[in-house]
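Student: Structural data only, the sequence is not supplied:
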(Lines give C-alpha, C1' and ligand atoms only; values in the text may rest on other atoms or scores of the structure.)
Protein backbone atom coordinates (compact mmCIF):
# COMPACT_ATOMS: atom_id res chain seq x y z
CA UNK A 1 0.00 0.00 0.00
CA UNK A 2 1.31 3.42 -0.98
CA UNK A 3 2.41 5.52 2.00
CA UNK A 4 3.42 9.12 2.49
CA UNK A 5 6.91 9.94 3.75
CA UNK A 6 8.78 13.17 4.39
CA UNK A 7 12.56 13.25 4.56
CA UNK A 8 14.24 16.19 6.26
CA UNK A 9 17.87 16.68 5.27
CA UNK A 10 19.16 15.57 1.88
CA UNK A 11 22.68 14.44 2.66
CA UNK A 12 23.91 11.00 1.60
CA UNK A 13 21.68 9.13 4.05
CA UNK A 14 18.55 11.24 3.57
CA UNK A 15 18.76 11.27 -0.21
CA UNK A 16 19.30 7.50 -0.33
CA UNK A 17 16.25 6.90 1.88
CA UNK A 18 14.08 9.34 -0.08
CA UNK A 19 14.96 8.04 -3.55
CA UNK A 20 14.54 4.41 -2.47
CA UNK A 21 11.13 5.07 -0.91
CA UNK A 22 9.99 6.85 -4.05
CA UNK A 23 11.23 4.07 -6.33
CA UNK A 24 9.19 1.63 -4.26
CA UNK A 25 6.03 3.53 -5.18
CA UNK A 26 5.54 5.75 -2.15
CA UNK A 27 4.77 9.46 -2.04
CA UNK A 28 7.88 11.26 -0.84
CA UNK A 29 8.42 14.89 0.12
CA UNK A 30 11.95 16.12 0.83
CA UNK A 31 12.86 19.23 2.81
CA UNK A 32 16.24 20.93 2.97
CA UNK A 33 17.60 24.45 3.41
CA UNK A 34 19.95 23.98 0.46
CA UNK A 35 18.56 25.17 -2.87
CA UNK A 36 21.26 23.19 -4.66
CA UNK A 37 20.24 19.89 -3.02
CA UNK A 38 16.54 20.47 -3.62
CA UNK A 39 17.16 21.30 -7.28
CA UNK A 40 19.25 18.14 -7.62
CA UNK A 41 16.59 15.78 -6.21
CA UNK A 42 13.32 17.51 -7.17
CA UNK A 43 12.75 15.13 -10.09
CA UNK A 44 13.69 12.03 -8.09
CA UNK A 45 10.85 12.33 -5.53
CA UNK A 46 7.20 13.41 -5.42
CA UNK A 47 7.97 16.98 -4.41
CA UNK A 48 10.78 18.96 -2.85
CA UNK A 49 10.69 21.96 -0.52
CA UNK A 50 13.36 24.52 0.33
CA UNK A 51 12.91 25.41 3.97
CA UNK A 52 14.01 25.37 7.59
CA UNK A 53 12.66 22.30 9.40
CA UNK A 54 12.90 24.05 12.78
CA UNK A 55 10.40 26.68 11.63
CA UNK A 56 6.82 25.77 12.58
CA UNK A 57 5.19 27.81 9.81
CA UNK A 58 7.29 26.11 7.15
CA UNK A 59 6.32 22.69 8.44
CA UNK A 60 2.65 23.64 8.60
CA UNK A 61 2.75 24.78 4.97
CA UNK A 62 4.24 21.40 4.00
CA UNK A 63 1.37 19.69 5.81
CA UNK A 64 3.83 17.67 7.84
CA UNK A 65 1.16 16.14 10.10
CA UNK A 66 -0.35 14.32 7.13
CA UNK A 67 2.67 12.09 6.52
CA UNK A 68 2.73 8.52 7.80
CA UNK A 69 6.41 8.82 8.75
CA UNK A 70 8.90 11.66 8.84
CA UNK A 71 12.61 10.81 8.63
CA UNK A 72 14.92 13.41 10.18
CA UNK A 73 18.21 12.81 8.38
CA UNK A 74 20.04 15.98 9.42
CA UNK A 75 23.63 14.99 10.05
CA UNK A 76 25.76 18.12 10.24
CA UNK A 77 23.71 20.17 12.72
CA UNK A 78 22.85 18.33 15.94
CA UNK A 79 20.86 21.26 17.32
CA UNK A 80 18.68 21.47 14.21
CA UNK A 81 18.18 17.70 14.33
CA UNK A 82 16.95 17.78 17.94
CA UNK A 83 14.77 20.86 17.46
CA UNK A 84 13.20 19.35 14.35
CA UNK A 85 12.26 16.13 16.15
CA UNK A 86 10.85 18.11 19.07
CA UNK A 87 8.77 20.31 16.74
CA UNK A 88 7.46 17.35 14.75
CA UNK A 89 6.22 15.56 17.85
CA UNK A 90 4.67 18.76 19.23
CA UNK A 91 2.85 19.16 15.90
CA UNK A 92 1.43 15.66 16.19
CA UNK A 93 3.44 13.71 13.61
CA UNK A 94 2.56 10.03 14.09
CA UNK A 95 6.00 8.50 13.56
CA UNK A 96 9.40 10.19 13.58
CA UNK A 97 12.56 8.32 12.64
CA UNK A 98 15.76 10.25 13.35
CA UNK A 99 19.38 9.79 12.35
CA UNK A 100 21.95 10.06 15.15
CA UNK A 101 25.66 10.56 14.71
CA UNK A 102 26.64 9.21 18.14
CA UNK A 103 25.21 7.61 21.27
CA UNK A 104 24.62 10.90 23.14
CA UNK A 105 22.83 12.41 20.17
CA UNK A 106 20.66 9.31 19.96
CA UNK A 107 19.74 9.46 23.64
CA UNK A 108 18.62 13.08 23.32
CA UNK A 109 16.57 12.28 20.20
CA UNK A 110 14.76 9.55 22.13
CA UNK A 111 14.09 11.93 25.03
CA UNK A 112 12.56 14.62 22.80
CA UNK A 113 10.20 12.11 21.22
CA UNK A 114 11.79 10.25 18.31
CA UNK A 115 9.94 6.96 17.81
CA UNK A 116 13.01 5.31 16.30
CA UNK A 117 16.66 6.35 16.20
CA UNK A 118 19.04 4.96 13.59
CA UNK A 119 22.83 5.05 13.42
CA UNK A 120 23.62 4.56 9.70
CA UNK A 121 27.41 4.96 9.95
CA UNK A 122 27.70 2.66 12.98
CA UNK A 123 25.31 0.09 11.54
CA UNK A 124 27.12 0.02 8.21
CA UNK A 125 30.45 -0.34 9.99
CA UNK A 126 29.15 -3.28 12.02
CA UNK A 127 27.70 -4.89 8.91
CA UNK A 128 31.00 -4.59 7.04
CA UNK A 129 32.89 -5.98 10.04
CA UNK A 130 30.57 -9.00 10.22
CA UNK A 131 31.03 -9.61 6.50
CA UNK A 132 34.81 -9.43 6.84
CA UNK A 133 34.79 -11.98 9.66
CA UNK A 134 32.24 -14.29 8.06
CA UNK A 135 33.01 -17.51 6.25
CA UNK A 136 33.57 -17.15 2.47
CA UNK A 137 30.14 -18.55 1.60
CA UNK A 138 28.29 -15.93 3.73
CA UNK A 139 27.03 -13.26 1.32
CA UNK A 140 25.15 -10.94 3.65
CA UNK A 141 24.38 -10.35 7.32
CA UNK A 142 21.24 -8.65 8.64
CA UNK A 143 20.97 -7.93 12.36
CA UNK A 144 17.43 -8.37 13.71
CA UNK A 145 18.18 -7.75 17.39
CA UNK A 146 21.20 -7.67 19.67
CA UNK A 147 21.53 -11.47 19.61
CA UNK A 148 19.63 -12.56 16.48
CA UNK A 149 20.43 -12.16 12.79
CA UNK A 150 19.75 -13.52 9.32
CA UNK A 151 22.62 -14.70 7.15
CA UNK A 152 22.41 -14.98 3.39
CA UNK A 153 24.58 -17.96 2.54
CA UNK A 154 25.70 -19.73 -0.62
CA UNK A 155 25.08 -23.47 -0.39
CA UNK A 156 28.51 -24.96 0.42
CA UNK A 157 29.86 -28.03 -1.36
CA UNK A 158 29.32 -30.12 1.78
CA UNK A 159 25.54 -29.55 1.55
CA UNK A 160 25.13 -29.94 -2.22
CA UNK A 161 22.64 -32.67 -3.14
CA UNK A 162 21.33 -33.02 0.41
CA UNK A 163 17.92 -31.86 1.64
CA UNK A 164 16.93 -29.89 4.71
CA UNK A 165 15.42 -32.89 6.44
CA UNK A 166 18.61 -34.95 6.36
CA UNK A 167 20.79 -31.94 7.20
CA UNK A 168 18.60 -31.27 10.27
CA UNK A 169 20.25 -27.87 10.87
CA UNK A 170 17.96 -26.92 13.74
CA UNK A 171 18.95 -29.94 15.81
CA UNK A 172 22.65 -29.81 14.93
CA UNK A 173 23.33 -26.06 14.89
CA UNK A 174 20.20 -24.40 16.37
CA UNK A 175 19.63 -22.38 13.16
CA UNK A 176 16.66 -22.38 10.77
CA UNK A 177 16.45 -21.98 7.01
CA UNK A 178 13.53 -19.57 6.47
CA UNK A 179 13.82 -19.28 2.68
CA UNK A 180 15.86 -20.39 -0.31
CA UNK A 181 16.74 -18.21 -3.30
CA UNK A 182 16.60 -20.40 -6.36
CA UNK A 183 17.74 -18.69 -9.57
CA UNK A 184 15.16 -15.89 -10.11
CA UNK A 185 12.70 -16.74 -7.31
CA UNK A 186 12.57 -16.91 -3.54
CA UNK A 187 11.01 -19.99 -2.00
CA UNK A 188 9.66 -18.95 1.42
CA UNK A 189 8.30 -22.42 2.15
CA UNK A 190 11.14 -24.72 1.08
CA UNK A 191 10.33 -28.39 0.67
CA UNK A 192 12.41 -30.27 3.30
CA UNK A 193 12.78 -33.17 0.85
CA UNK A 194 14.11 -31.09 -2.07
CA UNK A 195 17.83 -31.45 -2.75
CA UNK A 196 19.93 -28.30 -2.49
CA UNK A 197 21.96 -27.09 -5.45
CA UNK A 198 25.24 -25.15 -5.49
CA UNK A 199 23.55 -22.09 -7.01
CA UNK A 200 20.97 -21.93 -4.20
CA UNK A 201 21.24 -19.24 -1.53
CA UNK A 202 19.97 -19.98 1.97
CA UNK A 203 18.42 -17.40 4.30
CA UNK A 204 19.29 -18.70 7.74
CA UNK A 205 18.03 -17.22 11.04
CA UNK A 206 19.40 -17.82 14.50
CA UNK A 207 21.39 -16.46 17.43
CA UNK A 208 24.63 -14.79 16.35
CA UNK A 209 26.79 -17.29 18.23
CA UNK A 210 25.03 -20.22 16.52
CA UNK A 211 25.20 -18.62 13.08
CA UNK A 212 28.91 -17.98 13.47
CA UNK A 213 29.55 -21.58 14.52
CA UNK A 214 27.38 -22.91 11.68
CA UNK A 215 28.95 -20.79 8.94
CA UNK A 216 32.48 -21.83 9.90
CA UNK A 217 31.79 -25.53 10.44
CA UNK A 218 30.11 -26.07 7.10
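Tutor: That came through, no problem. Bear in mind that the values here come from a model prediction, so they are computed numbers and not experimental data.
Student: Let me see the ranges of the helices in this protein.
Tutor: Under the criterion DSSP state H, the chain contains helices at 12-23, 35-41, 56-62, 78-90, 103-111, 120-133, 164-167, 169-173, 208-217.
Student: do you know how far residue 10 is from residue 144?
Tutor: Going from residue 10 to residue 144 by Cβ to Cβ, to the nearest Å gives 29 Å. (Each C-beta comes from the backbone N, C-alpha and C, glycine too.)
Student: just residue 213 next, same as before
Tutor: 18 Å.
Student: For the two, indicate the residue with more neighbours.
Tutor: Between residue 213 and residue 144, counting by other Cβ atoms under 10 Å, residue 213 is the more crowded of the two (15 against 10).
Student: burial of residue 188, as a residue count?
Tutor: Residue 188: 9 surrounding residues under other Cβ under 10 Å.
Student: Could you report the pLDDT at it?
Tutor: You'll see residue 188 listed with a pLDDT of 83.
Student: What ranges in this protein fall below the confidence cut-off?
Tutor: Applying pLDDT under 70 to the chain flags the ranges 1, 122-143, 146, 217-218.
Student: Domain ranges for it, per the record?
Tutor: With domains defined by automatic domain parsing, the chain comprises 4-118, 123-217.
Student: Let me know which of those domains is tucked in deepest.
Tutor: Of those, the one with the most neighbours on average (mean count of other Cβ atoms under 10 Å) is domain 4-118, at a mean of 18.
Student: Quick check: end-to-end length of that one?
Tutor: 20 Å (Cα to Cα, to the nearest Å).
Student: what's the answer for stretch 158-170, then?
Tutor: The straight-line separation of the ends of stretch 158-170 (Cα to Cα) is 17 Å.
Student: mind checking how far residue 161 is from residue 170?
Tutor: Taking Cβ to Cβ as the measure, residue 161 and residue 170 are separated by 20 Å.
Student: So the residue lying closest to residue 84 once chain neighbours are set aside versus residue 29, what's the distance?
Tutor: Take residue 84 and drop its neighbours on the chain: the residue closest to it by Cβ to Cβ, 6 or more residues apart in numbering is residue 53, 4.3 Å away. From residue 53 over to residue 29 the distance is 12 Å, taken as Cβ to Cβ.
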